[in-house]
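In: Could you look at this predicted model? Sequence included:
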Amino acid sequence: MPKVICRSQRVSFIFVALMAFLLAVPSAGFAEKEIGYDPYLSVLKYPEANQIETVRQRDRNQLLARILEQPIRPAGYVLGRTAEWVERKHVDDKAIWLFDELASRGVYPSLKTPTEGGFGAVGIKGRVELEKLFQFEQPYLSVDVSGGWTPNKDFAGTSVELGGHYRLETPSHPFFHEGAVRYQRSSSESFYGIGQDTSLGEWSVYQPEELRFESALGSRLTRNVESEAAFVYQRMNIGNGARERVGKIKEHFPVAGIPGVNGGDLIGLVTRITHDTRDQKSDPREGGQESLAFSYFHDVDGNDFQYLKVAGSVSHFFSIFSDRRILALRVAAEKNQELGGESIPFFNLARLGGSDIADGSELLRSYRYNRFFDEGLVTANVEYRYNVYQYGDFGTDAFLLFDVGEVFEEIGDFGFDELKFSYGGGFNLKFRRRTLVSCFIARGSEGWKSGLHTKLSF
């Protein structure tokens, strides 16, 4: 009886035959088109890099690089070994612990740079909060003393400062009383004459010695606004500076032509108002500060000094898409006006030039400290700060700077064609948002100038 093949068996047979044909076709019909390769063989991404001429050129470049790096290899070796030793001995951790312990007891040591800051002269300074040091609990009273010493530029003598400050607040009212006393002496400060067009060839030096006492009553109007009225006593002695091969102020300039060249004793009344919204004073990234002060001064020793002073400044800080990019802007102005036909001592005139506002001369960083003296002043400063490195509490900012300013006798004498400019850049090395070292280099019409400080410019 013939064998009967069902429909399903016939379909299975055809599928098996078709698969056998397809498996056989590549080996039979297309074998000559296959490319044999080893899947474990490395394939060069840039085979031209292994060409003989390329290898020889690379070896020549490496030889040149080794030759050029030889002068700095000792420094690199020292820095590497120093970093290794610091890490192995945990010196950084010990230093942080030491400064934290000192701060808990109200002791704050730091470095100090001279008024004409350079890379060769650095001194020391410090501040002590007595209530922390002696551990007495008084939330409404703060008392501190401070002092500093540094060699002047070119080591032409030294600068010394000593002072003290107290502040007493009322527990239930926004009123406060504060007082301060300060003594400063410098063996060499620069003077080029009075006016916008003074010459570097008129460079002379003088030796200021100042004792200043201030007592103030104030009120905290809001969380960010303070106002106060103060009585000021200032005693200033002026001598010839100690720098060699430089003119002395009392010999180079006619004594009768420079008011205050022999010093003077003055008393004054000052009113101030300040608005401060900065997120942090030592390293602001947002907010700003505005201040305005009116002063009246009169001599008490027959020198015929009597004048009014109006001074103000505005600074603001803006983050650009991130707190790593900060745009810092500042504008300041000052005007002194003599009264009753009397005069203004040169040491209290508006000053422009230098890189540290705290020293009394406004920012114009490509020009020397105290470069310009006159009755009026206008200046503006711009910095773009970018955080290029951040590791734990340590950080480094690179910045670009631009300064512009001018001094004048009367407001009508101000002219845009006489503005002085500075441009340049630098970096700030910081720890816990406090500046350890700030270096800059700037250029203006009188050339390049560099400097080093231990705080931000503003």
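Out: Okay, I see it. It should be emphasised that the depicted structure is a prediction, and the values quoted were computed from it without experimental measurement.

In: What mean pLDDT does stretch 224-235 get?
Out: Averaging pLDDT along stretch 224-235 yields 97.

In: how about it as PDB, C-alpha atoms only?
Out: The C-alpha trace of stretch 224-235 is given here as PDB (Å, rounded to 0.1, in the frame of the first residue of the first chain):
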ATOM      1  CA  ASN A 224      21.700  96.200  55.500                       C
ATOM      2  CA  VAL A 225      21.800 100.000  56.200                       C
ATOM      3  CA  GLU A 226      23.900 101.800  58.800                       C
ATOM      4  CA  SER A 227      24.400 105.500  59.500                       C
ATOM      5  CA  GLU A 228      26.600 107.200  61.900                       C
ATOM      6  CA  ALA A 229      28.000 110.600  63.000                       C
ATOM      7  CA  ALA A 230      31.600 110.800  64.200                       C
ATOM      8  CA  PHE A 231      34.100 113.200  65.800                       C
ATOM      9  CA  VAL A 232      37.600 112.900  64.400                       C
ATOM     10  CA  TYR A 233      41.000 114.100  65.600                       C
ATOM     11  CA  GLN A 234      44.000 113.800  63.300                       C
ATOM     12  CA  ARG A 235      47.600 114.700  64.000                       C
END
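
In: any residues touching that stretch, and which ones?
Out: With contact meaning CB atoms under 8 Å, 6 or more residues apart in numbering, stretch 224-235 is reached by 178, 210-221, 263-277, 295, 297. In short, each C-beta sits where N, CA and C put it, glycine included.

In: again, 6 Å this time
Out: For stretch 224-235, contacts defined as CB atoms under 6 Å, 6 or more residues apart in numbering pick out 211-220, 265-268, 270-277.

In: do the same with stretch 414-431
Out: Contacts for stretch 414-431 (CB under 6 Å, 6+ apart): 196, 364-366, 393-406, 408, 435-444.

In: before we move on, the earlier item: now the contacts of stretch 224-235: which count as buried?
Out: Among these, those classed as buried by 16 or more other CB atoms under 10 Å are 211-212, 214, 216, 218, 265-266, 268, 270, 272-276.

In: now, which of these lie within strands?
Out: Judged by DSSP state E, strands contain the following of the buried ones among the contacts of stretch 224-235: 211-212, 214, 216, 218, 265-266, 268, 270, 272-276.

In: Closest to K112 out of these?
Out: Closest to K112 out of those is R212 (18.6 Å), distances taken as CB to CB.

In: quick one: that closest one and Y183 touch, right?
Out: No. Applying CB atoms under 6 Å as the test, R212 and Y183 come out as separate, 7.9 Å apart.

In: okay, and the common contacts of the two?
Out: In contact with both R212 and Y183: no residue, using CB under 6 Å, 6+ apart.

In: Where does pLDDT dip in the stretch 51-200 of the chain?
Out: 64-66, 68-73, 75-77, 79-80, 83, 117-120 (pLDDT under 70).

In: Strands of that one, residue ranges please.
Out: 107-112, 123-129, 141-151, 158-169, 175-186, 189-191 (DSSP state E, counting those that start in this stretch).

In: now, of the ones you listed, which is deepest in the fold?
Out: strand 189-191 (a mean of 25; mean count of other CB atoms under 10 Å).

In: Please enumerate residues in contact with that strand?
Out: Outside strand 189-191, the residues that touch it by CB under 6 Å, 6+ apart are S204, Y206, P208, I249, N370.

In: What residues does the closest residue to T198 other than its chain neighbours make contact with?
Out: If the residues on either side of it in the chain are set aside, T198 comes closest to Y192, at 4.4 Å by CB to CB, 6 or more residues apart in numbering. Each residue near Y192 by CB under 6 Å, 6+ apart is listed here: T198, E202, W203.

In: Could you identify the buried members of the residues you listed?
Out: The buried subset of the contacts of Y192 - by 16+ other CB under 10 Å - is T198, W203.

In: Looking at the contacts of Y192, which is nearest V78?
Out: W203 (38.5 Å).
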